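**Q** Sequence and predicted structure below; questions after.
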Amino acid sequence: MNIVHISAECYPYAKAGGLGDVVGALPKYLNQSRHQAMVILPYYYNERLRDAEKSLVYEGQAPLGVEPFAFRVYKVDDSKDFDLYVIDIPGRFDRPGIYIDPWSGHAYWDEKERFISYQVAALEWLKIEDFKPDIIHSHDHHTALIPFMMGQAFRFENFRETPSILTIHNGEYQGRYSRDDYDLLPAFNLENIGLLDWDGALNSLAAGIKTAWSVTTVSEGYMEELLEYCHGLEQLLRHEKEKTIGIVNGIDSDVWNPETDQYIGHNYSKKSSKTGKSKNKKILCNEFEVDPKSPVFSFIGRLVREKGADLLPSLIQKCSEEGVDASFIVLGTGDPSLHEVFDKLSDEHFGYFDTRLEYNEQLAHQIYAGSDFLLMPSRVEPCGLNQLYAMRYGTIPVVRKTGGLADTVKDLHEKSGYGIVFDEFSVGDAYRAVERGVELFAEKALFKKKVEKVMSLDYSWRRSTEKYISLYNSLIKS
Ligand code: GLC
């Protein structure tokens, strides 16, 4: 099968979050299963893409409404695991940020024009090159108009029989624009304009849900949650339920491998995890100025409501006041008001809590390797990859029972359980979960057993890739 992934992110060339990791790994595993998967990505002018070896493969024009725009397609020659093509659209993507301008911290003003022109250019190029993909797979709202255009735009009639898939990595962001913005799209039968519409607006995600042949999300649990609540789209999803499916993400176990990871101070395996992790913990606690004798609880991720980052300050404060023997670390960026809170907290609780308010891939690896526990108090978690990375590095996940976290972490109380799961999104429940972690840490032999247990779990892409392949096959047959 020829599978084309069209996405706004792809690790290691452009990553803002888990979407990048998934699109950087699934195609590789599809190729290993003897299919041909390629990825199309915008050519952001970031360091990684600018420095990459590239060859120009196409130069042309496409319309954004009635205005033609020029674009170029490059093949990224240093992408080894799958073919990667980047679309250069001067005036729209010749900037370093994916969604946010790194200088101002604000989202780019022309998100709509950027992502619509990107989607049109991607289909235009696939059509002209006559690639004849067997499957076109879009991800999130940035590419959710692709299934609509494949089914409706006169210009893309050749894709009418090609199955389209939309994967929702996050139902909160929907690409909602004004109803009149439909005129930025290539011409289609206006009788079907309702396919773009949801609640009086052009809603890219809704259009994708209506028109894709199949709609997937990144865990079974999150799919169930979306049918209950999806920021206004739940009714639509329920209506389209027949074609929905949840497939849990995997991790790229070559990139995330404590035995070979170049980013960490000391490599280790399950067998050498005790000494390996304690060496990494020393490095980590030095870097972060927290006490290495206590169990270290870390949080990595975007500092936003969805991830429950706003619960952490009160949790850490309470732990410190109650004299809980633990250390806390936070790595991430996000809500500026939380940045202030964390800065203040680290001054007040020097030695107990420390933070780096930045996105730092290398430091993230060192945190997985050197921490004892990874905290994920998410309000919402479609899949969550961090708990899977943590486990691969022998770090026990402490998670709230939601979406993919509930699907992938089994509580210690359960038979052959290995993680700590709490129910309510509250400081009280999270506090109790930390206490349970501290208790586990104190039982040295049991703790070691659980560390080894999480390291032996297989959350690699192999299993989930099989599920995607059978979905692709069923769509092709239909
Ligand atoms: C989004 C979700 C996260 C998921 C990732 C990859 O970032 O918030 O839970 O793991 O996408 O699918």
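**A** Arrived safely, thanks for sending.

**Q** Distance of the residue lying closest to Tyr359 once chain neighbours are set aside relative to the ligand?
**A** The shortest distance from Tyr359 to any non-neighbouring residue, by C-beta to C-beta, 6 or more residues apart in numbering, is to Thr333 (5.6 Å). For the C-beta atoms, the positions are set from N, CA and C on the backbone; glycine is no exception. According to C-beta to the nearest ligand atom, to the nearest Å, Thr333 and the ligand sit 14 Å apart.

**Q** tell me which parts of the stretch 201-350 of the chain are close to the ligand?
**A** Contacts of the stretch 201-350 of the chain with the ligand, taken as C-beta under 6 Å from any ligand atom, map to Val218, Asn249.

**Q** In the stretch 201-350 of the chain, what residue comes closest to the ligand?
**A** Residue of the stretch 201-350 of the chain nearest the ligand, by C-beta to the nearest ligand atom: Val218 (3.9 Å).

**Q** Report pLDDT for that residue.
**A** With respect to pLDDT, Val218 has a value of 98.

**Q** tell me the secondary structure for the closest residue in space to it that isn't next to it in sequence?
**A** The shortest distance from Val218 to any non-neighbouring residue, by C-beta to C-beta, 6+ apart, is to Cys383 (3.7 Å). Using DSSP: H, G, I helix; E, B strand; the rest coil, the structure places Cys383 in coil.

**Q** which ones are touching Cys383?
**A** Residues in contact with Cys383 (C-beta atoms under 8 Å, 6 or more residues apart in numbering) are Gly18, His169, Val218, Ser219, Tyr222, Val248, Asn249, Gly403, Gly404, Asp407, Thr408.

**Q** Can you lay out those residues as JSON lines showing neighbour count, distance to Phe148 and secondary structure?
**A** JSON lines is the format used below for the contacts of Cys383 (neighbours: other C-beta atoms under 10 Å; distance: C-beta to C-beta, whole Å; DSSP: H, G, I helix; E, B strand; the rest coil):
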{"residue": "Gly18", "neighbour count": "23", "distance to Phe148": "25", "secondary structure": "helix"}
{"residue": "His169", "neighbour count": "23", "distance to Phe148": "19", "secondary structure": "coil"}
{"residue": "Val218", "neighbour count": "28", "distance to Phe148": "22", "secondary structure": "coil"}
{"residue": "Ser219", "neighbour count": "24", "distance to Phe148": "25", "secondary structure": "coil"}
{"residue": "Tyr222", "neighbour count": "28", "distance to Phe148": "23", "secondary structure": "helix"}
{"residue": "Val248", "neighbour count": "22", "distance to Phe148": "27", "secondary structure": "coil"}
{"residue": "Asn249", "neighbour count": "24", "distance to Phe148": "25", "secondary structure": "coil"}
{"residue": "Gly403", "neighbour count": "28", "distance to Phe148": "27", "secondary structure": "helix"}
{"residue": "Gly404", "neighbour count": "27", "distance to Phe148": "27", "secondary structure": "helix"}
{"residue": "Asp407", "neighbour count": "20", "distance to Phe148": "30", "secondary structure": "helix"}
{"residue": "Thr408", "neighbour count": "23", "distance to Phe148": "32", "secondary structure": "helix"}
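
**Q** There's contact between Ser456 and Lys271 in this structure, I believe.
**A** No - using C-beta atoms under 8 Å, Ser456 makes no contact with Lys271, being 10.9 Å away.

**Q** just the strands in the stretch 1-150 of the chain please.
**A** According to DSSP state E, counting those that start in this stretch, the stretch 1-150 of the chain carries its strands in the segments 2-6, 36-42, 54-64, 67-76, 83-88, 135-139.

**Q** Please identify the most buried of those strands.
**A** Comparing those by mean neighbour count (mean count of other C-beta atoms under 10 Å), strand 135-139 comes out on top with a mean of 27.

**Q** ok, that one: who's next to it in the sheet?
**A** In the sheet, strand 135-139 lines up against strand 2-6 (parallel), strand 164-168 (parallel) (DSSP bridges).

**Q** count of neighbours near Asp261?
**A** By the measure other C-beta atoms under 10 Å, the count of residues near Asp261 is 22.

**Q** so what's it up against?
**A** Counted by C-beta under 8 Å, 6+ apart, Asp261 has contacts Asn267, His365, Ala369.

**Q** list the buried ones in stretch 154-164?
**A** Buried residues in stretch 154-164, counted by 16 or more other C-beta atoms under 10 Å: Arg155, Phe156, Phe159, Thr162, Pro163, Ser164.

**Q** pLDDT value on the residue of the stretch 1-150 of the chain found nearest the ligand, please?
**A** Closest to the ligand within the stretch 1-150 of the chain is Gly18: 2.5 Å, counting by C-beta to the nearest ligand atom. pLDDT recorded at Gly18 is 95.

**Q** picking up where we left off before, what about the strands paired with strand 135-139, which gets the closest to Ser214?
**A** Across the strands paired with strand 135-139, Ser214 has its closest neighbour in strand 164-168 (4.9 Å, C-beta to C-beta).
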